[in-house]
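Q: sequence plus the predicted model coming up.
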Amino acid sequence: MTALSINLNKIALIRNSRDTEYPSVVLHAVRCITAGAHGITVHPRPDQRHIRADDCYELASLLDVEFNIEGNPFAPACKSDRRYVSDYPGFMEIIRLTRPAQCTLVPDTDSQLTSDHGFDLRKDGDRLAPIIAELKSLGVRVSLFMDPDPAQIRLAKDIGADRIELYTGPYAESFGSLHQDSVLKQFIAASDVAAEVGLGLNAGHDLNLHNLFLFKNSVHKLLEVSIGHAFTVDAIELGIDNCIKSYLNCLR
Ligand SMILES: CC(=O)[C@@H](O)[C@H](O)COP(=O)(O)O
Ligand SMILES: NCC(=O)COP(=O)(O)O
């Protein structure tokens, strides 16, 4: 079965809109896990717009399920602009301090609205290789956020990644359109290359209750999906328990 990892970014975004601890990111994680989620994902960005370094430290000390921390490994330290909120120590320092089960490296710049592309390993492969080596020496599984480009996926294997996470934004955008099948074919081909070279396959971004079942049942051996934005919105209407069950049903 494909593991469902719930991304907590949007809960943190709501929390950060007031000087308060409500909603609690940790309590939301516990509710999702109790309802059946297999893992938790967070994406601490340097501006700490949603997930903060403090959230990562707290979750790392409490979680007894797979913890996946996503981010740009080159993201530098950044001062906090909020009282009682720790500074952002740099992405790699967060990983060194928390040692999550998995780290998903994402090529986001600090000012991006959201993640919207995978790595170009022809450009970044040489400087990623030692980072991947350090993460693996810390016992952290390494996944790279990638577009469905077979040549790039082969490079991911060459520089030591354990898995790739296919950036599914373009698939979600095409879903229900005339382009759906041709776009999905690109992801299927990419999943076949990942399997061929021995990379585990994860996927994420804009997956939802409408597009998840087809994607999961089309690509080759999908190990994990991480879902946050659509899940958070759906949970407002369905409630967390029913929402987790609905997403798990799409993964059976
Ligand atoms: C890498 C990815 O697609 C998502 O995990 C990312 O965390 C989305 O970031 P925002 O929640 O900041 O849009
Ligand atoms: N890696 C994808 C993720 O964690 C959540 O993406 P989204 O569901 O918020 O688009």
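A: Alright, I've got the coordinates. Ligands and ions are numbered 1, 2, ... in the order given.
Q: doesn't Glu66 make contact with His38?
A: Yes - contact criterion CB atoms under 8 Å: His38 and Glu66 qualify, at 6.4 Å. Using the backbone N, CA and C atoms, a C-beta is placed for each residue, glycine as well.
Q: for the stretch 151-252 of the chain, just list every one of the strands.
A: 163-167, 200-204, 222-227 (DSSP state E, counting those that start in this stretch).
Q: could you say what helices and strands the second one packs with?
A: If I follow you right, that is strand 200-204. Based on contacts counted as 3 or more CB pairs under 8 Å, 6 or more residues apart in numbering; DSSP states H and E, the elements that strand 200-204 packs against are strand 163-167, helix 180-197, strand 222-227.
Q: hey, which of those is tucked in deepest?
A: strand 163-167 (a mean of 26; mean count of other CB atoms under 10 Å).
Q: format the helices and strands packed on strand 200-204 as a markdown table; extra columns: mean pLDDT and distance to ligand 2.
A: Listed next are these as a markdown table, based on pLDDT from 0 to 100; distance: least, CB to the nearest ligand atom, whole Å:
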| stretch | mean pLDDT | distance to ligand 2 |
| --- | --- | --- |
| strand 163-167 | 99 | 6 |
| helix 180-197 | 98 | 14 |
| strand 222-227 | 98 | 3 |
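Q: out of the ones you listed, nearest to His50?
A: strand 222-227 (14.5 Å; CB to CB).
Q: can you give me how far the closest one is from the chain middle?
A: Centroid displacement of strand 222-227 relative to its chain, using CA atoms, centre = their mean, to the nearest Å, is 8 Å.
Q: which residue does this protein have closest to ligand 2?
A: Gly204 (2.6 Å; CB to the nearest ligand atom).
Q: now for that residue, how many residues are close by?
A: Gly204 has 25 neighbours, counted by other CB atoms under 10 Å.
Q: one step back: which residues do His38 and Glu66 both contact?
A: Jointly contacting His38 and Glu66 under the rule CB atoms under 8 Å, 6 or more residues apart in numbering are 3, 5, 224.
Q: which residues of the stretch 101-250 of the chain lie near ligand 2?
A: Neighbours of ligand 2 within the stretch 101-250 of the chain, by CB under 6 Å from any ligand atom: 165, 204-207, 226-230.
Q: what residue ranges in this protein are flagged as low confidence?
A: The chain contains no residues with pLDDT under 70.
Q: same thing but at 90, please
A: Counting by pLDDT under 90, the chain contains low-confidence residues at 1, 111.
Q: can you give me the helices for it?
A: Secondary structure of the chain by DSSP state H: the helices cover 9-16, 25-34, 53-62, 91-98, 121-137, 150-158, 169-174, 180-197, 212-216, 229-238, 240-250.
Q: output the contacting helices and strands for the longest one.
A: Just to be clear, that refers to helix 180-197. helix 150-158, strand 163-167, helix 169-174, strand 200-204, helix 212-216.
Q: quick one: which of the helices and strands packed on strand 200-204 is nearest Val85?
A: strand 222-227 (24.3 Å).
Q: that closest one pairs with which strands?
A: Applying DSSP bridges to the sheet, strand 222-227 is found paired with strand 3-7 (parallel), strand 200-204 (parallel).
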